[in-house]
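Peer 1: Take this sequence and fold it.
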Amino acid sequence: MPVPAGLSRVDLGLLGGLALVSVGLLFWATRDAVLAAGFLAGLAIVAGGVLLARRLFPGAVSREAALPDWTMLRAAVNHDDIAIAVTDRAGRLVCANDLFATWMGGFVTPPGLPLDGRGAELLKNAGRAAWRDGEGRVDDLVVGPLQLRAQILRTGQSEDYLVWRFSALERLDLVSEITRHLDGPAGRTLGHAGVMTALVSAEGRLRVANQAFLLRALGEGDALHYAGRDVAPMLRLDDGGSLYFAREGDRATPVRMLQIPLVPTDSNSAMLLAMLDEEMGPTDRGTAQTYVETLLSLLPFGLAMVDRDGRFLYMNKAFVRAAGLAEGKMPRYPGDMVVGEDKGPLADMIRRHSSGQQVGGDLSIRLAGQPEEPVSMRVVGVRGLGEAAVLLSLKDSSEESRLKRQVAQASKMQAVGQLAGGVAHDFNNILTAVLGSCDLMLMRHTPGDSDYDDIQHIRSNANRAASLTRQLLAFSRQQTLRPQILQLPDVISEVSHLLKRLIADSVQLSVHHGRGLGAVRADPGQLEQVIINLAVNARDAMPGGGTLTIETYPVSAAEVRQMGNEFMPPADYSALRVSDTGVGIAPDVLPKIFEPFFTTKDVGKGTGLGLSTVYGIIKQSAGFIFADSKPGEGTSFTVYLPVHRAEGDAPVVAQPPPKPKKNQWGTGTILLVEDEDMVRAVAERALSRAGYTVVTASQGEEGIERFGTMDKVDLILSDVVMPTMDGPAMVRAMRARRPDLPVLFMSGYAEEQLRQSINIDDVAFLPKPFSVAQLTEAVSAALDDAAHRAAPHG
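Peer 2: Got it, this is the predicted structure:
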């Protein structure tokens, strides 16, 4: 006969024996055989019912008869610093500790917790894994400001419970900060103020203390070897409850000790002890708070105390700076210093911590003075500090925020510059075709023809568009510069006549040059563009007239250090300042003035590229430019260019004179490789008209095929950026067969941008857009240079 689940054969025998003994005792006491037989039959019926229930519902009967599950309870309380909850197989919450309720906002049944993102789904899957495998884990769960790790274990004698354990991944580590400051100047300052301070571990051992504490507690001899000592023997209590330093004996001065728990929920937490002589002040209720305020005022990080009603009691100067508050204007409530959306969450968190456990939490808030930059505030419940119930910690992130803004601005300018460079490249291809077609048509028309003026208008507007693309390339720092060694006064002198025509008669031009100016290395044409753009900007800022001042002066490396500008490395500079007496620039507009297409002028009165062009030219010349303005007081732009030092004190060599203009006619065979059909067609027609034999290809691989079939090639005229194979790769393959092959590259990108890819010896470069005359002159010059290199030199 099978034994029911949960019972052995010995158990059945023992129960049968007990039943027979009971029937015997009943018969002996009553001498009634019928009653005894009825009792025995009743026992048999009950026993049969129990056995039948066990056979039909073995799990239910065994659970009803099970003893309390002590192993489950031991697992639940194993770590009292971890948020713990226990659920049964039916998904009901059996128990949870107080930390769980604090973190989760109440006794919520997992996995239905208030988690951010996909946290609830991940936690639910981990619970299923625990039922299946015995354990489940989830990392990076987020509950409000907390980042948690969850471990779910299947436990119990019948393994029908789940223990959910949640531990914080990150905590605000005040211990290391206080350790560092107590052992430094802050500890000495506290000692001078009569505050004896020590940091004690959870085991009651001394971690660090200021010199005032060590001298009173240990004396001069032992003050050097204090780490790890037990603090309890250093102190003694008398019968009246007064506290003394033990080593000072019967004549000791009583001290008052404040205990400030730093991280109460951490098993390795520490406690800050602040001790003061009783003689230092009155012993009323406010003394403890006064001492703590003295302590907090000396600490370098932002701390504030709040009472149970949520009102500020005290904040140190570091907190005032971090919160961006005006001196002497302390807000009444913490919610007064944050934006409206954050007032409720901050008040709720302070209320929870003021009446609950001594635990802390982080909350991301936005300060009213800096609503665009969230900061982290630490809220910690405290006890024993008089009226203070909550301690607020706020990090001064103003410097970090400033750096973030600068990086964001630089990234934005770089991204816009890359976009501008790409747009300019595409426009240059289009403008090359337009200008070339206009030139070819003008060759077939004379000034008296009816179409001549229309073609000239098209060409003129195409040149204006080409000027805009050059400004875009200047802003993106991708234009081709021709730097020379020059003096700033010479550049200003060259452009001064043009400036007098550009500015109105009501604007007076004043030029001043300082002495001892060093030479700079820059493109004179681009520097003239900088001066003209700044002067025109100043003229427009003075509609009623005023004074435009241009001055130059030297700036030494020592003066740069005194300026305290972290962007300019200390070095010698030649400075150019352009100032006006106009309307000035508003503070909210000033950070945007160098952005392309940003303008405050009326529609149709500017492209928004003037100052962005200036910015790009100066940056590409290794210089710096800064704007200083106040509304109604005028604006000044200051350009700093590094002084050029000739190597070995060699004299500065003047630039060679420009080469004479080349002939626009010639002979020879040219292999033209260009992926843009319209540019290729115009260039082929222009060169054929000039007398050259032209063979065309639409991309690099086709160019190599044509080169292999040609008996004679006098020049390769190729675009740089092409699909499949670019121009430089094609030229390297061709020169592997013919090393002296003349090459002329052309591109809508600037030569500076393509410098690495066209790093090939003896090649010329022609920037787009170009006219027919410029193309034929560049081809003629490239052929002449090749012939000069090939000629024998005696």
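Peer 1: any idea where the strands of the stretch 401-550 of the chain begin and end?
Peer 2: Using DSSP state E, counting those that start in this stretch, the strands of the stretch 401-550 of the chain run over residues 484-486, 507-513, 520-522, 546-555.
Peer 1: Just name the most buried of these.
Peer 2: Counting by mean count of other Cβ atoms under 10 Å, strand 520-522 has the highest mean neighbour count of these, with a mean of 23. All C-beta atoms are positioned from the backbone trio N, CA, C, and that covers glycine.
Peer 1: Quick one: mean pLDDT over that strand.
Peer 2: The average of the pLDDT scores along strand 520-522 is 89.
Peer 1: Residues touching that strand, excluding its own?
Peer 2: Taking contacts as Cβ atoms under 8 Å, 6 or more residues apart in numbering, the residues outside strand 520-522 that touch it are 481, 483-488, 574, 621, 623, 641-644.
Peer 1: Show me how to select, in ChimeraX, the buried members of these.
Peer 2: Listed next is the ChimeraX selection for buried residues among these, using 16 or more other Cβ atoms under 10 Å:
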select :481,483,484,486,487,488,574,621,623,641,642,643,644
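Peer 1: related to what we said a few turns ago, A790: which of the strands of the stretch 401-550 of the chain is closest?
Peer 2: strand 484-486 (30.0 Å; Cβ to Cβ).
Peer 1: Partner strands of the closest one, with direction?
Peer 2: Strand 484-486 has these partner strands in its sheet, going by DSSP bridges: strand 520-522 (antiparallel).
Peer 1: Just the pLDDT for T669.
Peer 2: 92.
Peer 1: quick one, longest strand in this structure?
Peer 2: strand 370-385 (DSSP state E).
Peer 1: Pull out the buried residues from that strand.
Peer 2: For strand 370-385, by 16+ other Cβ under 10 Å, it's 375, 377-382, 385.
Peer 1: partner strands of it, parallel or antiparallel?
Peer 2: strand 360-367 (antiparallel), strand 388-394 (antiparallel).
Peer 1: For the buried residues of strand 370-385, could you give me TSV that also reports pLDDT and distance to P331?
Peer 2: Output for these, formatted as TSV (pLDDT from 0 to 100; distance: Cβ to Cβ, whole Å):
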residue	pLDDT	distance to P331
V375	82	16
M377	86	14
R378	86	18
V379	86	16
V380	84	20
G381	79	21
V382	74	20
L385	66	20
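Peer 1: check which helix or strand covers I618.
Peer 2: helix 610-620 (DSSP states H and E).
Peer 1: Tell me how far whichever strand or helix holds F765 lies from the chain's centre.
Peer 2: In this assignment (DSSP H and E), F765 forms part of strand 763-767. Chain-centre distance of strand 763-767: 41 Å, with Cα atoms, centre = their mean, to the nearest Å.
Peer 1: Next, the angle strand 763-767 makes with the helix or strand following that strand.
Peer 2: For strand 763-767, the following helix or strand on the C-terminal side (DSSP H and E) is helix 772-790. Relative orientation of helix 772-790 versus strand 763-767 (axes from the mean of the first three to the mean of the last three Cα atoms, to 10 degrees): 170 degrees.
Peer 1: Please identify the buried residues of helix 772-790?
Peer 2: Within helix 772-790, judged by 16+ other Cβ under 10 Å, the buried ones are 772, 774-783, 786.
Peer 1: again with stretch 525-536
Peer 2: Counting neighbours by 16+ other Cβ under 10 Å, stretch 525-536 gives 526-535 as buried.
Peer 1: can I get those in JSON lines with pLDDT and distance to Y749?
Peer 2: Shown next, in JSON lines, are the buried residues of stretch 525-536 (pLDDT from 0 to 100; distance: Cβ to Cβ, whole Å):
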{"residue": "Q526", "pLDDT": "81", "distance to Y749": "18"}
{"residue": "L527", "pLDDT": "87", "distance to Y749": "23"}
{"residue": "E528", "pLDDT": "85", "distance to Y749": "24"}
{"residue": "Q529", "pLDDT": "82", "distance to Y749": "20"}
{"residue": "V530", "pLDDT": "88", "distance to Y749": "22"}
{"residue": "I531", "pLDDT": "89", "distance to Y749": "27"}
{"residue": "I532", "pLDDT": "86", "distance to Y749": "25"}
{"residue": "N533", "pLDDT": "85", "distance to Y749": "23"}
{"residue": "L534", "pLDDT": "89", "distance to Y749": "27"}
{"residue": "A535", "pLDDT": "89", "distance to Y749": "30"}
